[in-house]
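# When you get a sec, could you give me coordinates for this:
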Amino acid sequence: MKKILTIKHLILLSVLVLYAPFSPDKAIGLELFSSYEMNRPLNQRIKNYQTEFEYSPYIDQQVTRFMERSALKGVSIAIIENEKLVFNKSYGFADETSMIAATPEHLYRIASVSKLITAITVMKLVEEGKMQLSDPVFGPKGYFNEPEYLDIRDRQLLDIEVLHLLNHTSGWTQRYGDPMFLPIDIAKIVGDEPPASIDTYVKYAISRRLHAKPGSMYSYSNMAYAFMGAIIEKVSGMPYEDYVKYHILYPNGIFDMHIGRNLYEQRRSNEVRYYEQDGSNLVPAFTGDSLLLPKTYGGNDIELLGAAGGWIASAPELAKLLTLVDGFDKVPDILSPESIALMTLEDRKALGWRDVKEGIWIRTGSFAGTSAMIVRRPDGLQWVFLTNTSNWQGSRFTYDINQLMNRITNRVDSWPDMDLFGYYDTEILSSYTLPFD
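Numbering: from 1, shown residues only. Predicted structure coming up:
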């Protein structure tokens with residue numbers, strides 16, 4: 001049986017080769033060696049063929065037609081029923097340029113779905129007593145209380161609380177565009193050299209007047225969630241990405257989610273290639289030099305977006321995270337019922353979620369080269385949709401995605417009796433032989 005071993009596995013094998021001669025029982029070595037399968041990320045264990053069932057031809061037809069109509073290169077879908085992963089399949093190309101087919105293993109930028117990850121992390125810190133939603137963000141008593149941040153133009157900034165960042169009522173608007181997608185302009189305004197940093201944006205925030213009183217008006221803000229990532233770092237004493245991984249993801253068996261990088265050459269080995277719609281223009285590089293680049297690779301600063309839109313994930317691992325905060329009782333949630341209830345308030349008061357209504361929780365994400373959507377329904381059905389291609393409709397494209405997934409889920413009256421969350425390759429677990437046997 002052919003296997004491609006990662007560096008991690010080769011290191012493990014090397015340790016075992018050294019250890020085995022001194023082991024009284026080589027079965028111990030076999031047990032350790034096969035353990036790598038138990039620790040492989042979920043998305044690396046699942047294959048496309050594993051969820052073939054009577055409705056597969058219908059689903060395949062619907063998805064491929066949708067991809068053709070929307071000019072999508074690749075798509076990955078995960079469907080959960082009663083907190084079991086009952087369907088997970090990828091379509092088209094992870095990298096059409098190199099003719100690499102899409103599989104469940106591939107990672108996609110999830111854009112603003114990242115905000116849900118950030119909100120979950122904040123609520124976990126609140127439950128642990130390390131911060132409060134009423135904590136001030138700016139000023140001497142706030143998180144950004146360094147001397148260079150105390151020359152505040154609009155005193156209303158002192159009234160912004162953590163809660164306002166999470167529910168988009170901090171008082172900033174996009175009247176003049178989204179600041180997080182204007183990094184060169186923002187750096188110029190505050191006198192910084194590009195590339196812009198969180199420090200740049202804090203200086204920008206304290207130098208501007210708010211457009212509304214904090215807490216009084218909803219206005220979607222990527223900048224608010226970027227600040228939330230910096231606050232998590234201040235509270236935890238760890239880099240934002242590391243804290244999320246070690247305290248939210250890893251303890252729950254999610255091992256292959258990361259903050260994405262900006263350039264194609266920096267991508268992860270199992271990350272897709274991103275495609276913009278035909279006719280997309282090149283834009284100035286976020287670094288401020290003279291280069292004109294695609295938004296997907298160097299135009300937008302994915303790493304700066306971070307807590308607001310920088311995560312990359314696979315459909316199955318994103319689905320697993322969804323089961324940990326869905327309020328259902330078959331899989332224990334990592335947040336209290338009270339925290340989940342607060343996160344899922346209706347009337348634009350939700351935290352992390354984009355839209356909540358009548359038990360349906362929706363989180364969408366889109367920017368150049370990607371669209372992502374996750375949905376939790378009150379009937380126990382949940383789903384994840386990821387693509388590596390942007391659409392001219394922008395954020396409105398998620399309405400089409402929702403219609404597609406509703407057609408599929410409403411047509412299927414019986415999903416496979418399986419749970420891919422718990423799938424392991426039994427051939428690896430039972431049939432591996434050590435090279436020194």
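# burial of W415, as a residue count?
Using other CB atoms under 10 Å, W415 has 18 other residues around it. (Each C-beta comes from the backbone N, C-alpha and C, glycine too.)
# From T51, how far off is it?
From W415 over to T51 the distance is 9 Å, taken as CB to CB, to the nearest Å.
# got any residues that touch both of these two?
By CB atoms under 8 Å, 6 or more residues apart in numbering, W415 and T51 have these common neighbours: 86-87.
# now the stretch 201-350 of the chain, which segments are flagged as low pLDDT?
By pLDDT under 70, the stretch 201-350 of the chain has no low-scoring segment.
# What are the boundaries of the strands in it?
Per DSSP state E, counting those that start in this stretch, the stretch 201-350 of the chain carries strands over the ranges 258-259, 283-284, 292-293, 311-313.
# Mind checking what secondary structure V375 has?
Taking DSSP: H, G, I helix; E, B strand; the rest coil as the rule, one finds V375 in the strand state.
# neighbours around it, how many?
Using other CB under 10 Å, V375 has 23 other residues around it.
# can I assume it is in contact with Q382?
Yes: applying CB atoms under 8 Å as the test, V375 and Q382 come out as touching, 6.3 Å apart.
# Give me the three-state assignment for R153.
Per three-state DSSP, the local secondary structure of R153 is coil.
# Could I get the contacting residues of the closest residue to it other than its chain neighbours?
The shortest distance from R153 to any non-neighbouring residue, by CB to CB, 6 or more residues apart in numbering, is to S207 (5.5 Å). For S207, the contacting residues are 153, 189-190, by CB under 8 Å, 6+ apart.
# and the closest residue to D178 other than its chain neighbours, how far is that from W353?
Nearest residue to D178 in three dimensions, chain neighbours excluded: N222, at 5.9 Å (CB to CB, 6+ apart). Applying CB to CB, the value for N222 to W353 is 16 Å.
# swap in L318?
Distance from L318 to W353, by CB to CB: 14 Å.
# could you point out the longest strand in this structure?
Looking across the chain with DSSP state E, the single longest strand is strand 84-95.
# Now do the helix or strand that it is followed by: which elements does it pack against?
For strand 84-95, the following helix or strand on the C-terminal side (DSSP states H and E) is strand 100-101. Under the contact definition 3 or more CB pairs under 8 Å, 6 or more residues apart in numbering; DSSP states H and E, strand 100-101 sits against strand 84-95.
# From the contact counts, what lies against the strand it packs on?
Judged by 3+ CB pairs under 8 Å, 6+ apart, strand 84-95 is in contact with helix 56-70, strand 74-81, strand 100-101, helix 315-323.
# Please tabulate these in TSV, including the columns distance to N145 and mean neighbour count.
As requested, these are arranged in TSV below (distance: least, CB to CB, whole Å; neighbours: other CB atoms under 10 Å):
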stretch	distance to N145	mean neighbour count
helix 56-70	47	15
strand 74-81	42	27
strand 100-101	48	14
helix 315-323	32	25
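# Show me the one of the ones you listed that comes nearest R396.
Of all the helices and strands packed on strand 84-95, it is helix 56-70 that lies closest to R396, at 12.1 Å by CB to CB.
# before we move on, back to that, out of the strands of the stretch 201-350 of the chain, which is the most enclosed?
Ranked by mean neighbour count, the strands of the stretch 201-350 of the chain are led by strand 311-313 with a mean of 28 (mean count of other CB atoms under 10 Å).
# Given that one, what are its sheet partners and their directions?
strand 108-109 (antiparallel), strand 258-259 (antiparallel) (DSSP bridges).
# just the buried members of the contacts of S207?
Neighbour counting by 16 or more other CB atoms under 10 Å classes 189-190 among the contacts of S207 as buried.
# Would you reformat the contacts of S207 as JSON lines and include pLDDT and distance to I110?
As requested, these are exported to JSON lines (pLDDT from 0 to 100; distance: CB to CB, whole Å):
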{"residue": "R153", "pLDDT": "97", "distance to I110": "35"}
{"residue": "I189", "pLDDT": "96", "distance to I110": "29"}
{"residue": "V190", "pLDDT": "97", "distance to I110": "29"}
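# just the contacts of S207 now: which is nearest S290?
Using CB to CB, these come closest to S290 at I189, 20.3 Å.
# give the contact list for the closest residue to the closest one other than its chain neighbours.
Leaving out its chain neighbours, the residue that sits closest to I189 by CB to CB, 6+ apart is Y204, at 6.1 Å. Counting by CB under 8 Å, 6+ apart, Y204 touches 179, 186, 189-190.
# on that earlier part again, only the C-alpha atoms, please, for the longest strand of the chain, written as CSV.
Coordinates of the C-alpha atoms in strand 84-95 are reproduced here as CSV (Å, rounded to 0.1, in the frame of the first residue of the first chain):
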residue,chain,number,x,y,z
LYS,A,84,-22.8,13.6,12.3
LEU,A,85,-20.9,14.4,9.2
VAL,A,86,-23.0,12.5,6.6
PHE,A,87,-21.7,14.0,3.4
ASN,A,88,-18.4,15.6,2.4
LYS,A,89,-17.4,15.9,-1.2
SER,A,90,-15.3,18.3,-3.3
TYR,A,91,-15.8,19.2,-7.0
GLY,A,92,-13.7,20.6,-9.8
PHE,A,93,-10.2,21.8,-9.2
ALA,A,94,-8.2,22.9,-6.2
ASP,A,95,-5.7,24.3,-8.8
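# for the record, mean pLDDT for it?
For strand 84-95, mean pLDDT is 98.
# what does stretch 389-400 give?
87.
# buried ones in it?
Using 16+ other CB under 10 Å as the test for burial, stretch 389-400 gives 389-391, 395, 397-398.
# Of all pairs in the residues you listed, which one spans the longest distance?
T389 and S395 (14.6 Å).
# which other residues reach stretch 145-156?
138-140, 158, 171, 202-203, 206-210, 213-214.
# Where do the domain boundaries of this structure fall?
7-45+424-431, 49-113+256-421, 118-240 (automatic domain parsing).
# Distance to I248 for those - can I get that in JSON lines?
Putting the domains of the chain into JSON lines (distance: least, CB to CB, whole Å) gives the following:
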{"stretch": "domain 7-45+424-431", "distance to I248": "15"}
{"stretch": "domain 49-113+256-421", "distance to I248": "7"}
{"stretch": "domain 118-240", "distance to I248": "6"}
